[in-house]
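Participant: Attaching a predicted model along with its sequence, questions to come.
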Amino acid sequence: MSARLVIIPTYNEIENIERVVRNIFSQRKGFHVLVVDDNSPDGTAEKVQELQAEFQEELFLEIRTQKSGLGTAYIHGFKWALQREYNFIFEMDADFSHNPNDLIRLYNACVKQKADVAIGSRYISGVNVVNWPMNRVLMSYFASEYVKFITRMNIQDTTAGFVCYRRKVLEKINLDTIQFVGYAFQIEMKFKAYLHKFNIVEVPVIFTDRTKGESKLSSNIISEAVFGVIKMKLKSWFGKEV
């Protein structure tokens, strides 16, 4: 059994899912993949089921009944992983904005640099974003700066969604208390790891915006992050955040 599990939440990713799964399985380190699909009407789950015939021991699928948000998909995946023997659990998008070749770099950060949380960071060495319009680059960058200012975390890319967690991090964080389901979910997970004093390391990656399928970013997700961070910080002052 592999010690490494990549969790991929999906909703209407039929154009990307086969290619990303095959790319992950082509890496020189062995990874398992768990797809958490929110009942995609485009047949994403059916494509994964087809691939399972080829990758019977490495590819797993959990189908939820409705579109319930990125954060809850990852929580579902985390709990699934903790019921098994995985020691390194990865978050990764299905749309190739995260390069599967960087999975090994995140893993090595945990093994060689003793990271408990390894973040694929767009901003640790400049701004490494491809195919985003300038207004979105600026929004993402200043969102991370805003989060750093409020939380005092020394993390350059606080909203990054390409992450490797050691098992002990997910065991320590009370996953049932995670409040945010969208953009702010990534911030909340990093903040709780920070409060528990886990070693967080950023690995520079190049983020490439999707070329197939549609972005799931919305104004509601952004507002959740802006106002949620303040609420999250206030709760931490009273010891209610971890």
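Facilitator: Structure received.

Participant: In three-state terms, label residue 193 for me.
Facilitator: Per DSSP: H, G, I helix; E, B strand; the rest coil, the local secondary structure of residue 193 is helix.

Participant: Got the phi and psi for the closest residue to it other than its chain neighbours?
Facilitator: On the basis of CB to CB, 6 or more residues apart in numbering, the spatially nearest residue to residue 193 that is not a chain neighbour turns out to be residue 117, at 5.0 Å. (Each C-beta comes from the backbone N, C-alpha and C, glycine too.) Note on residue 117: backbone dihedrals following degrees, to the nearest 10 are phi -130, psi 120.

Participant: Over to the one 3 residues further on?
Facilitator: As for residue 120, its main-chain torsions (degrees, to the nearest 10) stand at phi -80, psi 100.

Participant: you'd agree the residue nearest to residue 193 is up against residue 201?
Facilitator: Yes. If you go by CB atoms under 8 Å, residue 117 and residue 201 touch, sitting 7.3 Å apart.

Participant: Please say which of these two ends up with more neighbours.
Facilitator: Neighbour totals were compared for residue 117 and residue 201, and residue 117 leads with 24 against 19 (other CB atoms under 10 Å).

Participant: So that one versus residue 44, what's the distance?
Facilitator: When CB to CB, to the nearest Å is applied, the distance between residue 117 and residue 44 equals 28 Å.

Participant: Relative to the whole chain's centre, how far out is the helix or strand residue 136 falls within?
Facilitator: When secondary structure is defined using DSSP states H and E, the element that contains residue 136 is helix 134-151. The gap between where helix 134-151 is centred and where its chain is centred comes out at 18 Å by CA atoms, centre = their mean, to the nearest Å.

Participant: do the same with stretch 27-38
Facilitator: Per CA atoms, centre = their mean, the displacement of stretch 27-38 from the mean C-alpha position of its chain is 13 Å.

Participant: Would you mark the buried spots in it?
Facilitator: 27, 31, 32, 33, 34, 35, 36, 37, 38 (16 or more other CB atoms under 10 Å).

Participant: Helix, strand, or coil at the closest residue to residue 144 other than its chain neighbours?
Facilitator: For residue 144, ignoring the flanking residues on the chain, the nearest one in space by CB to CB, 6+ apart is residue 158 at 4.7 Å. Judged by three-state DSSP, the three-state class of residue 158 is coil.

Participant: Hmm, residue 158 is touching residue 186, no?
Facilitator: Yes. The criterion here is CB under 8 Å, and residue 158 meets it with residue 186 at 7.5 Å.

Participant: What average pLDDT does stretch 204-224 get?
Facilitator: When pLDDT is averaged along stretch 204-224, the result is 64.

Participant: Just the helices from this protein, written as ranges.
Facilitator: With helices called from DSSP state H, the chain shows them at 17-25, 44-52, 70-82, 103-112, 134-151, 167-172, 183-195, 219-237.
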